[in-house]
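> Predicted structure and sequence below. I'll ask about it afterward.
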Amino acid sequence: MGKAFKYGDNVDTDVIIPARYLVTSDPEELAAHCMEDIDKDFAGTVRPGDIIVAGKNFGCGSSREHAPLAIKGAKVACVIAPTFARIFYRNAFNTGMPILESAEAAARIQAGDEVEADFATGLIRNITRGEQYQAEPFPPFISRLIESGGLAEYVSSQNGGAE
Amino acid sequence: MGMTMTQKILAAHAGMESVKAGQFIEAELDIVLANDITGPPAIKEFARMGTGKVFDTDKVVLVPDHFTPNKDVKSAEQCKILREFASRQSIKHYFEVGQMGIEHALLPEKGLVVAGDAVIGADSHTCTYGALGAFATGIGSTDMAAGMATGRAWFKVPAGIKFSLIGKPGRWVSGKDVILHIIGMIGVDGALYKSMEFMGPGLEWLSMDDRFAMANMAIEAGAKNGIFAVDEKTTEYMRTHAYKGGSSFKRIQAFAPDSGAPYERSFEIDLSKIRPTVAFPHLPDNTRAIDDVGEVRIDQAVIGSCTNGRISDMRVAAEILKGRKVADGVRCIIFPGTQNIMLECVRLGYAEIFIEAGAVLSTPTCGPCLGGHMGILAAGERAISTTNRNFVGRMGHVDSEVYLASPAVAAASAVKGYIADPGSL
């Protein structure tokens, strides 16, 4: 369970992690600047288990995997939005950063609400408002990727293990 | 029921008779690309995947172009990781500073991508190669690592949006204006998860450089890819940019859409009606025709990038800057896309024109476009730029502003000191 941080439509990867910090791909270093250009207080106030709720097309822009890595490094439990930009969507699964698509949850949850999300079932519970929302189910192929533990593990399991 | 161009290429690369939108497939890849930002994390993931070697040393392309020439110690370390990996893996297409260019200007110029290819690149503007009639899409570092390891990638087959181009564009209207106009029309998520497919008689009036600029910005409408029908211009471009000694030329295959291709939406775009177009901060869909811009003073004009750093972009900038001066108080930064384009600028006299006008001419780099180096904005500053994104803080300080436009508009604005119609000079 965690507190919701709420943002609008089209949150781009440049504000999630500005390019000036792309000289590393270490999640903890990136987390120190996560959301800096849209919310300079985020990195200082976010606590493990908190949730990001945003409008449509979350993660648009650059292909930088540093964006989901920065959010993961900030120990955010889940990002909830009506839609995600497609490269961010792939990168999130590939890096093990949980995301859920739900227009209802994105609209109903307000900043500061206590929210709990079950990534496996897609059930989102808003403790503050006593509501629950069901996220879109993942396509079977994506579910297989998640079950493998991410793309690296999926490829590795097909190649007989890491070098 | 038929297939779109994109669906046909994906079916061919998945070894299937046909595919349809929404289907998950695994496709064989012709080119797998990364740069100095996305390459190092990909190399780290690659090591975890267990193949040891890349799938094909001729099909992996590594270009240190973002923070090069190395802007600081950390960037230098990133580039070193890329360089050492390329050497260890005997990657044929690693382009060192001195040979390199901005990746999406460089790969077509070197003939590494051809019509009918399936390409992934760990850079969102990989969609640029759609101008050649290829399927090309941006992915992240982990997908790139898997591509290097296996030569394959998974895709959800995209639905298509058809853009039928008709009419002849006006004197100062380029591919950049056309794509800004279209993004303004459909929005930054107007093509989310979909293909933007460009065809029709209007293609006749769009040079390859115009098409590269348009395909390049498909991602700014949220698209998975942008792709152009192959015509004589495409064929001529591939002929004159042949990759000597490589396999790409054996791969050339033009895929036309089936007559009953299932396009989800269709638009007719009359090029003759499009005006030079500017995207205001802070999204590429916040567009206005030049006539509706008003007086917007600028501090910096940036001409170059993977969108507009090609020779015809340099030519139009030179036409406008010839015999004129950059306005007082404006910094004009021009950066050709590749070493070859830089050399052409020197040979054709553009370099002299730029320098005499008071512009700076920079080595190829992605630097200024993403606020990396070579032209960062301070708080309250405003730039007109031929790049592709005008997000908050994109070119520097969070309180700076970026206006996107064509090279003609950017050059005219550099001369006037405010955003200007090149036709007004």
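Everything's here; your move. The structure presented is a predicted model; accordingly, all values stated were derived computationally and were not measured.

> Every contact and neighbour count from this point should use C-alpha atoms.
Noted.

> Tell me where chain A has strands.
All strands of chain A, identified by DSSP state E, fall at A:2-6, A:51-53, A:78-81, A:99-101, A:114-118, A:123-126, A:131-134.

> meant to ask about the stretch 151-300 of chain B, not that
Applying DSSP state E, counting those that start in this stretch to the stretch 151-300 of chain B gives strands spanning B:152-156, B:160-166, B:195-199, B:225-228, B:263-270, B:277-279, B:287-289, B:300-304.

> any idea which of these is most buried?
Neighbour counts (mean count of other Cα atoms under 10 Å in any protein chain shown) averaged over each of the strands of the stretch 151-300 of chain B peak at strand B:225-228, with a mean of 32.

> which one of the strands of the stretch 151-300 of chain B lies closest to chain A?
Each of the strands of the stretch 151-300 of chain B was checked against chain A via Cα to the nearest Cα, and the shortest separation belongs to strand B:152-156, namely 9.2 Å.

> where does chain A have its least confident helix or strand?
The helix or strand of chain A with the lowest confidence, counting by mean pLDDT, DSSP states H and E, is helix A:140-148 at a mean of 82.

> So which elements touch it?
Contact here means 3 or more Cα pairs under 8 Å, 6 or more residues apart in numbering or on different chains; DSSP states H and E; on that basis helix A:140-148 packs against helix A:86-95, helix A:151-158.

> Which one of the strands of chain A lies nearest to B:Ala379?
Each of these has some distance to B:Ala379 by Cα to Cα; the shortest is strand A:2-6, at 25.6 Å.

> Go through that closest one and flag the buried ones.
Counting neighbours by 16 or more other Cα atoms under 10 Å in any protein chain shown, one finds that the buried residues in strand A:2-6 are A:2-6.

> do stretch B:9-16 as well
Neighbour-count burial for stretch B:9-16, counted by 16+ other Cα under 10 Å, picks out B:9-14.

> Restricted to strands, list those residues.
Of those, none are assigned to strands by DSSP E.

> Between these, which sits nearest B:Gln339?
Using Cα to Cα, B:Ile9 is the member of the buried residues of stretch B:9-16 that lies nearest B:Gln339, at 31.5 Å.

> which residues touch the residue lying closest to the closest one once chain neighbours are set aside?
With Cα to Cα, 6 or more residues apart in numbering or on different chains as the criterion, B:Ile9 has its nearest non-adjacent residue at 6.1 Å, and that residue is B:Gly116. B:Gly116 makes contacts with B:9, B:133-135, B:251-255, as judged by Cα atoms under 8 Å, 6 or more residues apart in numbering or on different chains.

> how about a cut-off of 10 Å?
Listed by Cα atoms under 10 Å, 6 or more residues apart in numbering or on different chains, the contact set of B:Gly116 reads B:5-6, B:8-10, B:12-13, B:30, B:130, B:132-136, B:230, B:251-255.

> try A:Ala106
Residues A:6-8, A:52-56, A:79-83, A:100, A:133 are the ones in contact with A:Ala106 under the rule Cα under 10 Å, 6+ apart.

> Kindly identify which of those residues also come near chain B.
A:56, A:83 (Cα under 10 Å from any Cα of the partner chain).

> Provide a PyMOL selection command restricted to the buried entries of the contacts of A:Ala106.
Command for PyMOL, covering only those of the contacts of A:Ala106 found buried under the criterion 16+ other Cα under 10 Å:
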select buried, chain A and resi 6+7+52+53+54+55+56+79+80+81+82+83+100+133
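
> Tell me if stretch B:296-304 is near chain A.
No - in terms of Cα under 10 Å from any Cα, no part of stretch B:296-304 sits within range of chain A; the closest distance is 17.8 Å.

> Once you drop chain neighbours, what's closest to residue 149?
Assuming you mean chain A. Nearest residue to A:Gly149, sequence neighbours excluded (Cα to Cα, 6+ apart): A:Gly96, at 7.2 Å.

> You answered for a different chain; I wanted chain B.
Leaving out its chain neighbours, B:Ala149 is closest to B:Val54 (Cα to Cα, 6+ apart), at 5.0 Å.

> Could you do B:Lys273 as well?
Counting by Cα to Cα, 6+ apart, the residue nearest B:Lys273 is B:Pro169, at 7.4 Å.

> got it, and B:Val63?
Once chain neighbours are set aside, the closest to B:Val63 by Cα to Cα, 6+ apart is B:Asn35, at 4.8 Å.

> what's the neighbour count on that neighbour?
Using other Cα atoms under 10 Å in any protein chain shown as the criterion, B:Asn35 is surrounded by 25 other residues.

> ok, it touching B:Thr126?
No - contact status for B:Asn35 versus B:Thr126: not in contact, 11.1 Å apart, counting by Cα atoms under 10 Å.

> okay, and for the chain, where does confidence drop off?
No chain was given, so I picked chain A. Within chain A, the stretches falling below the threshold (pLDDT under 70) are A:160-163.

> if you could check chain B rather than the one you did, that'd help
Applying pLDDT under 70 to chain B flags the ranges B:245.

> Hmm, B:Phe391 is touching A:Ala19, no?
No - taking Cα under 10 Å as the definition, B:Phe391 is not a contact partner of A:Ala19, at 11.6 Å.

> doesn't B:Val346 fall inside a strand?
No - with DSSP: H, G, I helix; E, B strand; the rest coil as the criterion, B:Val346 is assigned helix and is not in a strand.

> Point me to the residue of the stretch 151-300 of chain B nearest chain A.
Closest approach between the stretch 151-300 of chain B and chain A, counting by Cα to the nearest Cα: B:Tyr193, at 5.8 Å.

> among the contacts of B:Gly116, which are in helices?
Using DSSP state H, the members of these that fall in helices are B:5-6, B:8-10, B:12-13, B:251.

> Skip the chain neighbours and tell me the closest residue to B:Glu17.
If you skip the residues right next to it in sequence, B:Glu17 has B:Ala11 as its closest partner in space, 6.3 Å away by Cα to Cα, 6+ apart.

> Count the neighbours of the residue nearest to B:Ala149 for me.
Using other Cα under 10 Å, B:Val54 has 20 neighbouring residues.

> where's it relative to B:Thr150, distance?
7 Å (Cα to Cα, to the nearest Å).

> How about the residues of the stretch 51-200 of chain B by chain A?
Close to chain A, as judged by Cα under 10 Å from any Cα, the stretch 51-200 of chain B has residues B:51-53, B:66-67, B:72-78, B:121-126, B:137-143, B:145-147, B:149-150, B:154-156, B:188-190, B:192-194.

> Buried only: go through those residues for me.
The neighbour-count criterion (16+ other Cα under 10 Å) marks B:51, B:53, B:66-67, B:75-78, B:121-126, B:137-143, B:145-147, B:149-150, B:155-156, B:188-190, B:192-194 among these as buried.

> residues in contact with B:Gly393?
Contacts for B:Gly393 (Cα under 10 Å, 6+ apart) come out as A:14-15, A:18-19, A:36-38, B:282, B:370-371, B:376-379, B:399-402.

> picking up where we left off before, the residue nearest to B:Ile9 in helix, strand or coil?
Following three-state DSSP, we place B:Gly116 in the coil state.

> Report how many residues lie close to B:Glu381.
Using other Cα under 10 Å as the criterion, B:Glu381 is surrounded by 17 other residues.

> And B:Pro108, by the same measure?
The tally of other residues near B:Pro108 (other Cα under 10 Å) stands at 21.
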